[in-house]
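Undergrad: Using only what follows, build the 3D model:
(chains A, B and C)
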Amino acid sequence: MAAQGSSGVKNIAKIVAKRVVSAFITLFLVSAVIFTISGLLPGDAAQELLGQSATQEQVEALREEMGLNRPALVRYGDWLTAIVKGDPGYSYVANMPVSQIISTRLPNTLLLAALATLVSVPLALLIGITAAIRRGTTVDRSLNILTLSLVAMPEFLIATLFVLAFSVKLLWLPSIALVSPEATWSETMRSIALPVLSLAVVVVAQMARMTRAAVADQLDRPYVEMARLKGVPFPRIVLQHVMPNAVGPVINAMALSLSYLMGGAIIVETIFNYPGLASLMVNAVTSRDMALLQSCAMIFCAAYLAMMLVADIVAILANPRLRA
Amino acid sequence: MISRIASGVRTMPLSGQIGFGLVVFWLLAAVFGPVVAPYSVGAFVDDEVFAGLSASFPLGTDYLGRDVLSRVLWGARYTVFIALAAAMLAVFIGTSFALLASLRGGWTDELISRAMDTLISIPSKIFALVLVAAFGSSLGLLLVITAITYVPGNFRIARALAMNLVALDFVQVARARGEGPVHLATREILPNMIHPLLADMGLRFVFIVLLLSGLSFLGLGVQPPHADLGSLVRENLTGLTEGALAIIVPAIAIATLTVGANLLIDALQKGGRS
Amino acid sequence: MTGSIITRRALIGAGIAGGAGLAAWSLTRDGGAPSSSRNGSGGNIRVAAPSASTADTLDPAKGGLSTDYVRHFMLYNGLTTIDDGSLAPHPSLAESWESTDRVTWHFRLRKGVRFHDGSELTSADVVFSLRRHAVPALGSKMATIAEQFASVRADGRHGVTIELTGANADLPTILAQSHFLIVKDGADKPDGNGTGPFRLQQFSPGVRTLVVKNGEYWYPGRPALNSIELISIPDEVSRVNALLSGDVQLVMALNPRSTRRIENAPGHDLMITPSSLYTDLIMRQDTMPTGNPHFVQAIKHLVDRPLVNRSLFRNTATIANDHPIPPFHPFYNAEIPQNTLDLDKARWHLQQSGLSGVRLPVYASQAAEGSVDMASIMQEFGSRVGLNLAVNRVPADGYWSTHWMRHPLSFGNTNPRPTADLVFSLFYQSSADWNESGWKDERFDRLLVEARGEPDDLRRKDLYGEMQRIVHDKCGVMIPVFISLIDAFDKRLKGMRPVPLGGFMGYRFSEYVRWED
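TA: Residues are numbered from 1 along each chain as shown, chains lettered A, B, ... in the order given. Below is the predicted model of the structure:
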């Protein structure tokens, strides 16, 4: 048996290796699900592109050009072999490589998600832990009411209220995200402020409440009482005993909430006209752009898996029992 | 039964009692609201749109000149019933799989976890858009979509909780005693994770209410002229700047319903622990 | 322009101008003012249209959404243009045109016009641009219209002759549409190199288009603006908010419910353009029960048109009479009795059809503007006469390919067309692909061909008048109102005027408007 310290590292290395393998299984499953349900959609890319006015002859010609005449399974197989080599395919709807379309949208989505994370995670931890420690006090109750009322508002209403207040009324911030390559850093920050704020509000409440629940759950355990009787200072109990045990569920809840920041941003992207991946994926659905749709799904899935991996590693590092 | 509930409510903190009151109010509204609604849900009763309070329209009129009170009462029925059913379904399925995965471990765990990852990593609203485009919109599909959306989330949390518990001594002891998986799941593990799970279900309920409103933003939901509470907010959004009751009332309805559900569950957690 | 046809066109132009002048009212202070700003200092504005997609294109032939049309009119020119309420075609790249038999047409091109790349416009470019519509693989949106072109050939360096398969007096009007804008000879995939008022600076499908002033534009003094950034904001509330917060200066396709917000904003103006846009309830005639004539009559008397106009469109719409010609059209037949809400009549017809109490699904979608609310209204009044309509709201995604015309009851939506002949032949001729209700009336079909070739205007009005009556009486479509196009803009933007073919002055605003601080 290896020494205690290196067994943790080894375990993590093993888990990462295992996760990479299972990530491929999951990615494959996602692509299979997308392939299956998109097969149920009425119409194809040629029809959608030509619209109402299409003649049968035109549809046939375009199908030929787009390669839609081959069986769906064959096209899926081609896409699959290509993506394994790292080529996400060609969008016949936009007439450009999928990688090129995504390269313009992915940075936007990552920026939005990263900023929303930066704002929401510290805030959620602060609110959640404070509320748990001060259980039953006015502080707890007011934080509870705050997070509850934030959770209780439809996302689109929150976003619209922000726009009405900060853009239309006060004229402080742009009402739409005008992300352009030539914009300066401060312009980008200004135009992304409201989307970030809206997204942060949506996720912060959920994360704070889960943090509070998990921490409070641990605080009720006998070991806390025991440590207190032994005279261990309370902050130390929280940091050294409670948090390591609570961190599993907390980080899980956080990872889940944060994965929402990418694909779930569809409403915020719509309201602020933000050119991100979620609206691109919706666009791919409506235009039946299969290569693009699959690629978007792959990115969302990979992001989610990465988040979960980080969550699990942190949970293992924090909880000695799982380390063994 | 009733006396037990009554005594339970009496011993709750004030916030729990408020939550209980709100939840009961909305449950009653969902069950009896449509019966007492003054007008039919689709009736065009007023020439004025976004009208304010009046004797004939206690909560004003909406963007088409329909009675807001009647529409909110109907909307509450859809929202409460769909969200309740979907939340219970999601937690039941998610937790069942979580218990199975944590007890069996190995390949079972791996398989279930990968399937859950697959489900959760497809953005739910986009998933819903595709399914509705493929199958058409119906109440059943709405229920299935909202439940499926929250199965993996509940699974993750339930599995994390259960995994922690499985690693604990008393479960190991019971296992060594030769107890079967059903006993382990229902007697040893479930009782020790029921509170976080209840909290989770409360949150799922809230999430589903909000997901429903999110879906209504994308144009999916109950068939018109009916509308769930989220759709009522959405369809009257243009009245926001004039402070129309038609948007404020359903928004308040959603808020009180979700806050009430949360307060109640918080109180139940505390009560259960003492 | 010479020949008998010219006087006739001029006469029609005057007629339409008179009619439209009354109806096409504008709330702008200088809505009708000439836009001949000479200072050319201009401004840089951002405008928002409602639709965008990764399918956004620089190819005029493929344009399918409002953003495409706007983009194409910034970059390219057509042979003709329609730029005012008269709906009459005016010279653009073609200086003049003539035809004696309305079958063979000669167009004389303007000389010295240059593409953005510096090359000169010649007949070869025009021939190439018009011929390419016949190639199926191109996917032209006007492929069916272009089937009328029997041949297109060059007539010297600056002349083009178009031979039609049959007489059509409306060819110059047809050629004014964005799909027939002129691209460079040999440009199989047009990249924005046109003769238009603006040059392409940046194009990102589904996100934005940035154009800058074409300093060598052939029309002296135009354009007045320095640059235009065209974006799309699909969500209507967001679009209005973007205007009111100053992020964009011009938006189109406003919901009538938003007009109050614009009216209350001191720095902004509205332009409401009555048009022949309509959303109609389609009753398929080739299937029961909707094919029953009594059922059709019941539905036509079951809609409260003033209610639709008031609650859905804030009284900005124009009441329609179950045929596609609006009251402000010169060929409008004012003698047809107006269909109104008449529950007794509806109930009687319904009983005659034997359909009382039958449950009928009606398909509506956001894709057809206002159809979901219209369906709700029909459902409500239907319940009062024993007709059980079940509203089936379906997603906009796939609506046109899977639901439109595919059910006994569904909603359609028809954009404004420049001529009566186009709307009748595209949507009402029995052999048309989009014969929405699947009806067939031999007399109507005969009148359609006769009217298309009829040289006498009064006679033509009679023919179109009778066709309106036939559609009103027999066709399985219910048209409640004509929907107005609503634009809103910053007051400093001058020169906007209504063109009933679409928002943004029929998508052509870029060339005509100016900015005054």
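Undergrad: Run through the stretch 1-150 of chain B and note the low-pLDDT ranges.
TA: B:1 (pLDDT under 70).
Undergrad: what about stretch A:190-209, average pLDDT?
TA: What stretch A:190-209 shows for mean pLDDT is 89.
Undergrad: And chain B, is that stretch touching that?
TA: Yes. Counting by CB under 8 Å from any CB of the partner chain, chain B has neighbours in stretch A:190-209: A:206, A:209. (Glycine included, C-beta is placed from N, CA and C.)
Undergrad: That stretch near chain C at all?
TA: No. Using CB under 8 Å from any CB, stretch A:190-209 stays clear of chain C, coming no nearer than 8.6 Å.
Undergrad: before we move on, what SS does C:Ala364 have?
TA: strand (DSSP: H, G, I helix; E, B strand; the rest coil).
Undergrad: tell me the pLDDT at it?
TA: With respect to pLDDT, C:Ala364 scores 94.
Undergrad: residue ranges of the strands in the stretch 1-150 of chain A, please?
TA: Ranges of strands within the stretch 1-150 of chain A are A:90-91, A:96-97, based on DSSP state E, counting those that start in this stretch.
Undergrad: Tell me how many other residues crowd residue 258.
TA: All of this refers to chain A. Residues lying near A:Leu258 (other CB atoms under 10 Å in any protein chain shown) number 23.
Undergrad: wrong one, chain B
TA: 27.
Undergrad: repeat for A:Leu123
TA: Going by other CB under 10 Å, the residues that sit close to A:Leu123 add up to 17.
Undergrad: residues in contact with it?
TA: For A:Leu123, the contact set (CB atoms under 8 Å, 6 or more residues apart in numbering or on different chains) comprises A:200, A:204, A:208.
Undergrad: quick one on the thing from earlier: just the strands of the stretch 1-150 of chain A: most buried one?
TA: Across these, averaging neighbours per residue (mean count of other CB atoms under 10 Å in any protein chain shown) puts strand A:90-91 on top, at a mean of 23.
Undergrad: ok, back up a step: closest one to chain B out of the contacts of A:Leu123, please.
TA: Using CB to the nearest CB, A:Ala208 comes nearest to chain B of these, at 11.4 Å.
Undergrad: Give the burial count for the closest one, as a bare number.
TA: Residues near A:Ala208, counting by other CB under 10 Å: 29.
Undergrad: What is the helix or strand containing it packed up against?
TA: Taking DSSP states H and E as the definition, A:Ala208 sits inside helix A:185-219. If you count contacts as 3 or more CB pairs under 8 Å, 6 or more residues apart in numbering or on different chains; DSSP states H and E, helix A:185-219 packs onto helix A:98-133, helix A:138-151, helix A:155-162, helix A:243-263, helix A:266-271, helix B:190-217.
Undergrad: Pull out the buried residues from that helix.
TA: Residues of helix A:185-219 classed as buried: A:188, A:190-219 (neighbour count, 16 or more other CB atoms under 10 Å in any protein chain shown).
Undergrad: same deal with stretch A:106-119?
TA: Residues A:106, A:108-113, A:115-117, A:119 are the ones in stretch A:106-119 that count as buried (16+ other CB under 10 Å).
Undergrad: now swap in stretch C:371-386 and tell me
TA: Buried-residue list, stretch C:371-386, by 16+ other CB under 10 Å: C:371-382, C:385.
Undergrad: hang on, the earlier thing: next, format the helices and strands packed on helix A:185-219 as JSON lines and append mean pLDDT.
TA: Converted to JSON lines, those look like this (pLDDT from 0 to 100):
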{"stretch": "helix A:98-133", "mean pLDDT": "92"}
{"stretch": "helix A:138-151", "mean pLDDT": "85"}
{"stretch": "helix A:155-162", "mean pLDDT": "90"}
{"stretch": "helix A:243-263", "mean pLDDT": "82"}
{"stretch": "helix A:266-271", "mean pLDDT": "90"}
{"stretch": "helix B:190-217", "mean pLDDT": "84"}
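Undergrad: Just send these back as JSON lines, with distance to B:Ala87 too.
TA: As requested, the helices and strands packed on helix A:185-219 are exported to JSON lines (distance: least, CB to CB, whole Å):
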{"stretch": "helix A:98-133", "distance to B:Ala87": "22"}
{"stretch": "helix A:138-151", "distance to B:Ala87": "14"}
{"stretch": "helix A:155-162", "distance to B:Ala87": "18"}
{"stretch": "helix A:243-263", "distance to B:Ala87": "16"}
{"stretch": "helix A:266-271", "distance to B:Ala87": "21"}
{"stretch": "helix B:190-217", "distance to B:Ala87": "4"}
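Undergrad: Okay, and the residue in the stretch 101-250 of chain C positioned nearest to chain B sits in which element?
TA: In the stretch 101-250 of chain C, no residue comes nearer to chain B than C:Val237, which is 5.6 Å away by CB to the nearest CB. C:Val237 belongs to helix C:236-244 when elements are defined using DSSP H and E.
Undergrad: mean confidence for that helix?
TA: 92.
Undergrad: Return the angle between stretch directions for it and helix A:155-162.
TA: 10 degrees (axes from the mean of the first three to the mean of the last three CA atoms, to 10 degrees).
Undergrad: distance between helix C:236-244 and the chain's centre?
TA: Between the centre of helix C:236-244 and the centre of its chain there are 23 Å (CA atoms, centre = their mean, to the nearest Å).
Undergrad: Can you see whether it contacts chain A, counting any residue in it?
TA: Yes. Using CB under 8 Å from any CB, helix C:236-244 reaches chain A at C:237-238, C:241-242, C:244.
Undergrad: Please convert these to TSV, extending it with neighbour count and distance to B:Leu142.
TA: Output for those, formatted as TSV (neighbours: other CB atoms under 10 Å in any protein chain shown; distance: CB to CB, whole Å):
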residue	neighbour count	distance to B:Leu142
C:Val237	22	24
C:Ser238	22	25
C:Asn241	26	29
C:Ala242	27	32
C:Leu244	27	34
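Undergrad: Going by distance to C:Ala88, which of these wins?
TA: C:Ala242 (34.5 Å; CB to CB).
Undergrad: can you count the residues close to C:Gly354?
TA: There are 12 residues near C:Gly354, going by other CB under 10 Å.
Undergrad: which parts of the stretch 1-150 of chain B sit against chain A?
TA: Residues of the stretch 1-150 of chain B lying close to chain A (CB under 8 Å from any CB) are B:15, B:110, B:113-115, B:117-118, B:120-127, B:129-131, B:133-135.
Undergrad: mind redoing it with 6 Å?
TA: Proximity of the stretch 1-150 of chain B to chain A, by CB under 6 Å from any CB of the partner chain, involves residues B:114, B:117-118, B:121, B:123, B:125-126, B:130, B:133-134.
Undergrad: and C:Phe411, which of the three is it?
TA: Classified using three-state DSSP, C:Phe411 is strand.
Undergrad: what's the pLDDT at it?
TA: 96.
Undergrad: That one contacts C:Ala364, doesn't it?
TA: Yes. The pair C:Phe411 and C:Ala364 qualifies as a contact (CB atoms under 6 Å) at a distance of 5.0 Å.
Undergrad: circling back: identify whichever of the strands of the stretch 1-150 of chain A lies nearest to C:Ser51.
TA: Per CB to CB, nearest to C:Ser51 of the strands of the stretch 1-150 of chain A: strand A:90-91, 18.3 Å.
Undergrad: From the contact counts, what lies against that closest one?
TA: Applying 3 or more CB pairs under 6 Å, 6 or more residues apart in numbering or on different chains; DSSP states H and E, we find strand A:90-91 packed against no helix or strand.
Undergrad: what lines up beside it in the sheet?
TA: strand A:96-97 (antiparallel) (DSSP bridges).
Undergrad: just to revisit the earlier point, find the residues that touch each one of C:Phe411 and C:Ala364.
TA: Taking CB atoms under 6 Å, 6 or more residues apart in numbering or on different chains as the contact criterion, the residues that touch both C:Phe411 and C:Ala364 are C:Ser371.
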